[in-house]
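Novice: quick one: sequence plus predicted model below, questions after.
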Amino acid sequence: MSRRALFALSLLGAASVSLAAQVQVVGLFPGAAVINVDGQRKLVREGQVGPGGVSVVRVDKQGAILRVDGVERLYPLGREYSGGFAEPVKKRLSIAKGQGGHYWITGSINSNSVPFLVDTGATSVALNEGQARRLGIDFRVSGQPLTVNTASGTARGWRVKLDRVKVGDIEVLGVEAVVLEGGAPTEALLGMSFLGRVSWREEQGMLVLESKI
């Protein structure tokens with residue numbers, strides 16, 4: 001083999017080592033890893049391809065098996081990110097009984113503050129038309145007309161979809177709601193279209209809500 005060929009192979013080997021040194025695992029999560037390739041950082045799930053064509057094969061608490069240039073090997077967690085393997089943390093909120101023995105909580109709809117009356121008997125989040133307008137919900141255009149049975153009879157309403165509803169640290173996206181014509185309900189009702197997507201229970205005079213993920 002000529003000296004020129006040997007020199008070329010030497011350069012190729014050096015390039016491969018250099019490439020490997022530029023790939024780093026800087027975060028670990030269930031089924032996903034944050035990888036840094038040439039300074040480009042991205043969360044990549046198992047079976048997906050990230051920056052530089054680097055694939056995440058499998059992730060555990062020790063590190064991530066990555067496929068780099070067709071070669072699979074274990075990359076331990078680097079020092080750049082110290083969070084470690086993060087298990088999902090359920091978010092929890094306890095609500096004490098308030099006026100009239102009901103549960104009241106101030107939350108938000110689409111990032112706008114809303115005082116809620118928690119109502120496990122209501123099939124969905126419910127607003128009166130004044131509340132909906134204040135929140136910027138154009139229910140007459142985007143909503144689906146319907147007739148709602150209430151304690152005082154039937155009422156005209158519109159079914160809408162709320163981008164996000166949040167109480168405490170618990171947020172649910174894409175929540176169905178009903179906007180009722182007139183001034184009822186006087187307080188926004190936090191009904192089962194939200195509560196059905198979290199865990200909830202009554203415990204020693206408290207209503208305990210917990211996210212499912």
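Specialist: Thanks, I have the structure now. Numbering: from 1, shown residues only.
Novice: do I have it right that residue 207 meets residue 101?
Specialist: No: Residue 207 is beyond contact range of residue 101, at 11.4 Å (criterion: CB atoms under 8 Å). For the C-beta atoms, the positions are set from N, CA and C on the backbone; glycine is no exception.
Novice: between the two, which is the more surrounded one?
Specialist: Neighbours of residue 207 and residue 101, each counted by other CB atoms under 10 Å, are more numerous for residue 207; the result is 19 against 7.
Novice: for that one, give its distance to residue 141.
Specialist: Noted for residue 207: a distance of 35 Å to residue 141, by CB to CB, to the nearest Å.
Novice: just residue 212 next, same as before
Specialist: Distance, residue 212 to residue 141, using CB to CB: 32 Å.
Novice: following the chain onward from the strand ranked longest in the chain, which element is next?
Specialist: For the chain, the strand with the greatest residue count under DSSP state E is strand 153-167. Toward the C-terminus, strand 153-167 is succeeded by strand 170-180 as the next helix or strand (DSSP states H and E).
Novice: next one: the following helix or strand past that next one to chain centre, how far?
Specialist: For strand 170-180, the following helix or strand on the C-terminal side (DSSP H and E) is strand 188-190. Averaging C-alpha positions (CA atoms, centre = their mean, to the nearest Å) puts strand 188-190 22 Å from its chain's average.
Novice: ok, and what's touching strand 188-190?
Specialist: 105, 107, 109, 114-119, 122, 125-127, 131, 165, 167 (CB atoms under 8 Å, 6 or more residues apart in numbering).
Novice: show me what the helix or strand following it is packed against.
Specialist: Per DSSP H and E, the first helix or strand lying C-terminal to strand 188-190 is helix 192-195. The helices and strands touching helix 192-195, judged by 3 or more CB pairs under 8 Å, 6 or more residues apart in numbering; DSSP states H and E, are strand 170-180.
Novice: what is the mean pLDDT for the strand it packs on?
Specialist: Across strand 170-180, pLDDT averages out at 94.
Novice: strand partners of that strand, parallel vs antiparallel please.
Specialist: strand 125-128 (parallel), strand 153-167 (antiparallel) (DSSP bridges).
Novice: among those strands, which is the most enclosed?
Specialist: strand 125-128 (a mean of 25; mean count of other CB atoms under 10 Å).
Novice: contacting residues around that strand?
Specialist: Strand 125-128 has contacts (CB under 8 Å, 6+ apart) with 109, 119, 135, 137, 162, 165, 175-180, 182-186, 188-191, 193-194.
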